[in-house]
Each structure stands twice: as C-alpha cells, then as structure tokens.
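# Build me a structure from this.
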Amino acid sequence: MSVARPTRSLLGKYISSAAAQSRSPASTVVCRQFHSSAPCQKKRRSQFRNVKAEELGLLKPDAMEKYQKEHLPDYTPEELELLRQKYTPEQMEALEAAEQAVNPGDIAIQGRLRDDLFRPKYIEDFTVMDPRYDLKPDLKGTLREHKWDDNDERFEEEFLDKFSKVMEKGTTNQLTRAMIRALRRVKTSQGRDMIDLTEAELNDMEKDPSLLEKYLVKPDEREPKYKEKETESDDFITRAQALKLDEMVEDAWKKELNLLANSKHTELKPSTFELEEDGPTGPIRLHTAEAVELGKVPGVAGLYKTSADEDEGKDDMGQYTELKQLTGMTLSELKSIYTKTLVVRHVHNQTRLGKIRSISAMVIAGNGNGRLGLGVGKSTQMDVAINTATMLAIRNMKPLRRYENRTIYGNITSKVSGTVVELSARPPGFGLRVPSRLFEMCRAAGLHDLAVHMPRSKNPMNTVKATYNALMNQPDPEEIAIGRGKKLVDARKVYYGGAVL
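Okay, the predicted model is just below:
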C-alpha cells in the first residue's frame, strides 16, 4: 500500500464534509478502513435460534403466580403489625424498601434452598456473632498423669495376682478345650448316638469355652437318662451304655491331658481357633494397623515372581518413574492431567567456539479443578525441552483460589519486567475473554469467567509468568476479614440463597 492512499483516506472525510454542506447535510462520505474485510453494517445475527423462556415452560404466568403465592407470599397486615412491634420505624421503612426491591420471580428462578453439608441449620441475617455457632468455645482440660506406686512390694503383689488370674483362666480354657476334643473324638468313633451335641455346638464351645456352662446340668436338676432293659424307649440309654460312654470319655480325656503334659513348650499350646483369630483373616486384624505377614510356601519360593511393571507396559522407558516417586500419583493420574505448551523459543548462546543453539519451552499443567503448575525446560532438542518442562509443570502444580469454582477473587494486577497483567472477575456466563495463552491457563486451572487487560508489553513468556503469579497470589477475603476483625458474608450467596454456579 502506498503512502498517498491512506493519507487520502484519512483526509477524505474532512474534505468531503465541507463540500457536502453546500449540497445536502445528510450526505457523508464513509472513511475507508485499514483492513480488507467487508464492513459490517448491522449487528451480527446469532447462529443459534433464540428460544424464549416461556416456550421452554420456565416462565408460565399461571405457574409462576401460583408458585409465588405458595412459597413467596407478601406480608399480611397481621405480620406487618408484629414486625412494627419488633422493629423501629426506620427499620420498617428499610424492610418495605427491600421487599419492593427484591423481585419474587428472580428468587423463584435463581434461588434455592441449600442442601450441601455446610448449610446453616438456623435462620440468621449474619449481622451479629452468635456465641453458640460463630465463636469456638474455650475448653480447658486437665492432663491425666500416670501414678507410680512407690511401694515395690505392693506392686509385685498386684502384678502376681493379675498374672495368676490370667494364667488360671488360660489353663481352665485349655482343659475345657481338651474335654471338648475328647467328646468329639468319642462322638466320631462310637458315641454318635449317645452324645447329644452337634458338630457345630462342639466347634462353638472349643472357640469359646464359656459356652460349656450352657450345656452343663446342675446337681439339683440332674435326672437319670438311662433305663432298665425292660423299658422299651429310644429316648434313654441303658446303664451299660452309660458306663461304657464314661469309660470312652475318660480314656479320651487322659489322652488329651497326656498331649498337654508332653508339650515341648513351657507355656500351653494355643488352640486352632486362637491361631485363626490371630491369623491374616482373623477378627484381630480388623482393629490393628500392623501389616499382615506373608508367609512363603516351602518348595515354591522363588519359582514364581510377580510382574514388576505396575503400569502394564505403558511406561517401558521409565519416563514417569521419578515423577511418580515425587508426586505419589499413578501413571493413569499423571496422564489425565491437562498439559499445554505455550511458549517455544530458539536461544543462541555466543561462546568462543561459536554459537550454541538451544530451545527453551514453557508448559503449563492443570487438573481442571483448581490446580495449576508452570514449568520451563531448556535443551538442544525440541522433544527433550518440552518433556522436561512438562514434568516440571506437573511437579510444580499448586492449588489456587476460585470464587464459586468459576472465577477469581476481585481484581488482581501483576508485573513481570515490562509486562503488566490486570485480571478481573466476571459474573456467570461472561466467559473467558482473554488471549490464547491465558485461555489455556484458565482452562487448565478450571476458570470459566475472566477478563484480562494488558496495557503495556505483551511478551509471551512474561505474560504467562505474570498471569501465573497473579493467580497464585490472590487476596484471601477470609484473611482480610480476620485482620480487620470483621465478619465476612457473601452478599451474592445470601441474596440467591446459595443458588450460584
């Protein structure tokens, strides 16, 4: 384009306006644009059809009026009279003005009752602090110290008494289990019909010896359970069968006592049920943090080895090994993180041997839910630089504050070198009106409504650094409220009853 053409375009409006005054005041010459695009004379038409809310059934007048009468009725004269008894005339004027300012339809559409875990369980305007809910009670406790007995003899007596009771109980349980095993042996061999105990009952008694008292017959309740030969009934056993059963039980009992007496251990051998309780699947393991011991099978140890690749062949080169150790994440979690290369620069370092060419890459990483990381990598190869920057970005991921999980808190300004970035929070539905690099950062961090203004230099690397510093150094409203000694309330959430995005 020549110099004469834009000069003519600039001066054309003023030259033509003087000549147009003599002809017609309504005729003007349109100034030419500095681009080749066709001028847009009217407002651009939307690509989507505008569907009214009434057609969708959201704003039916009858339904809305019925809902407002049921859930958002106006104050009755009786209620107003009660309010006048409680509030001053100035407060009543403010209350009536607030009722006129608040639109019931707006509350019906956008407002809702909170159902989250942290909703207040009481109706409050949050103007004053309630000590029942807002102030943490100062509980004073006393330390409990262990009292040591100075009398050693008394301590020894108590310890021996306690230990003897434990040993006596253990010995009694072992003898009871030996008797139950003797009964099982007799029942299995010959006395299946003469011992009125099932296998399940014997197992329960061996597991808990205290259940034996349930099946014992007291001396005053004892009845003869044998019959004479002339009595024909199958409910009783004969005297000879009873004597034979006593002999078999006594023989089995002696065998069990001999096994206990000939034990090589100084303490009594625990039963099978005690071993199962303390085993890997026993109930004791449910209430302990001790790891289960993995035993080795004789003759099989060392023959079979589990696969050392926990990633199922997805990381054979070991690229994510160090990153998994540093972050504690699995390979699937690391690959689910969103990463984007924002800046790539070709750097030349002048040395006495000549120019050394290298590549510098800047990558961001985020999980899309409030965590963002920035990494810079440099190498002579493009792939190595990008991979290094990606690993550093994932490693440097930090949480950032988000208001309603969609935008930032207020307005933030950050400066890096000659670049100044001004971030501004925006209402729901505003979108991301930011440059392309900052758009990728917002998408990785989970921000949906944001506006950015950069009045000075727009260097790519400084822009990304300044935006990252601004997002990480947002002002915390809670800290400001604590520092000023005030109570902070979100007016937007109070007005809409928590119905915010």
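
# which other helices and strands contact the helix or strand hosting A98?
When secondary structure is defined by DSSP states H and E, A98 falls within helix 89-101. Helices and strands in packing contact with helix 89-101 are listed as helix 77-86; criterion 3 or more Cβ pairs under 8 Å, 6 or more residues apart in numbering; DSSP states H and E. For every residue, glycine as well, the C-beta is placed using N, CA and C.

# Who are the packing partners of the helix it packs on?
Counting contacts by 3+ Cβ pairs under 8 Å, 6+ apart, helix 77-86 packs against helix 89-101.

# any residues touching the helix it packs on, and which ones?
For helix 89-101, the external contacting residues (Cβ atoms under 8 Å, 6 or more residues apart in numbering) are 74-75, 83-84, 87.

# which one's the longest helix in this structure?
For the chain, the helix reaching the highest residue count under DSSP state H is reported as helix 152-189.

# Buried ones in the very next helix or strand once past it, by neighbour count?
Sequence-wise, the next helix or strand downstream of helix 152-189 (DSSP H and E) is helix 199-207. Judged by neighbour count using 16 or more other Cβ atoms under 10 Å, the buried positions of helix 199-207 are 202, 205-207.

# Kindly report the same for stretch 462-475.
Within stretch 462-475, the residues that qualify as buried by neighbour count (16+ other Cβ under 10 Å) are 462-468, 470-471, 474.

# Adding pLDDT, write the residues you listed out as TSV.
Formatted as TSV, those follow (pLDDT from 0 to 100):
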residue	pLDDT
N462	95
T463	96
V464	96
K465	96
A466	96
T467	96
Y468	96
A470	95
L471	95
Q474	91
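
# Nearest to N367, out of those: which one, please.
Using Cβ to Cβ, the shortest approach to N367 within these belongs to L471, at 14.3 Å.

# show me what contacts that closest one?
If you count contacts by Cβ under 8 Å, 6+ apart, then L471 has 372, 400, 408, 412, 423, 441, 445 around it.

# now those residues as TSV including neighbour count, secondary structure and pLDDT?
Rendered in TSV, the data for the contacts of L471 read as follows (neighbours: other Cβ atoms under 10 Å; DSSP: H, G, I helix; E, B strand; the rest coil; pLDDT from 0 to 100):
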residue	neighbour count	secondary structure	pLDDT
L372	26	strand	95
L400	19	coil	93
I408	23	coil	93
I412	18	strand	93
L423	26	strand	95
M441	24	helix	95
A445	26	helix	94
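
# Which members of the buried residues of stretch 462-475 are the farthest-apart pair?
Across the buried residues of stretch 462-475, no pair lies farther apart than N462 and Q474, at 19.5 Å, counting by Cβ to Cβ.

# rewinding a little: just checking, what packs against the helix or strand following the helix holding A98?
Remark: after helix 89-101, the chain's next helix or strand is helix 104-110, criterion DSSP H and E. Here helix 104-110 touches helix 61-71, going by 3+ Cβ pairs under 8 Å, 6+ apart.

# Tell me how far K493 lies from L303.
Relative to L303, K493 is positioned 64 Å away (Cβ to Cβ, to the nearest Å).

# whoops, I mixed them up, N369
Distance, N369 to L303, using Cβ to Cβ: 46 Å.

# Between these two, point out the one with more neighbours.
Set side by side, N369 and L303 show more neighbours around N369, with 10 against 7, by other Cβ atoms under 10 Å.

# The more buried one: what secondary structure?
In terms of secondary structure, N369 is coil; the call rests on DSSP: H, G, I helix; E, B strand; the rest coil.

# For A451, see how far away it is.
Looking at N369 against A451, where the rule is Cβ to Cβ, the gap reads 22 Å.

# Over to V249?
Taking Cβ to Cβ as the measure, V249 and A451 are separated by 92 Å.

# Which residue of those two possesses the greater neighbour count?
Neighbour comparison, V249 and A451: the larger count goes to V249, with 19 against 16 (by other Cβ under 10 Å).

# Please name the spatially closest residue to that one (chain neighbours excluded).
Nearest non-adjacent residue to V249, counting by Cβ to Cβ, 6 or more residues apart in numbering: V186, 5.5 Å away.

# Likewise for V452?
Excluding the flanking residues, the one nearest V452 by Cβ to Cβ, 6+ apart is V434, at 4.3 Å.

# Around the one you found, count how many other residues there are.
20.

# and if you look at S436?
S436 is flanked by 8 other residues according to other Cβ under 10 Å.

# Let me see the contact set for it.
S436 neighbours (Cβ under 8 Å, 6+ apart): none.
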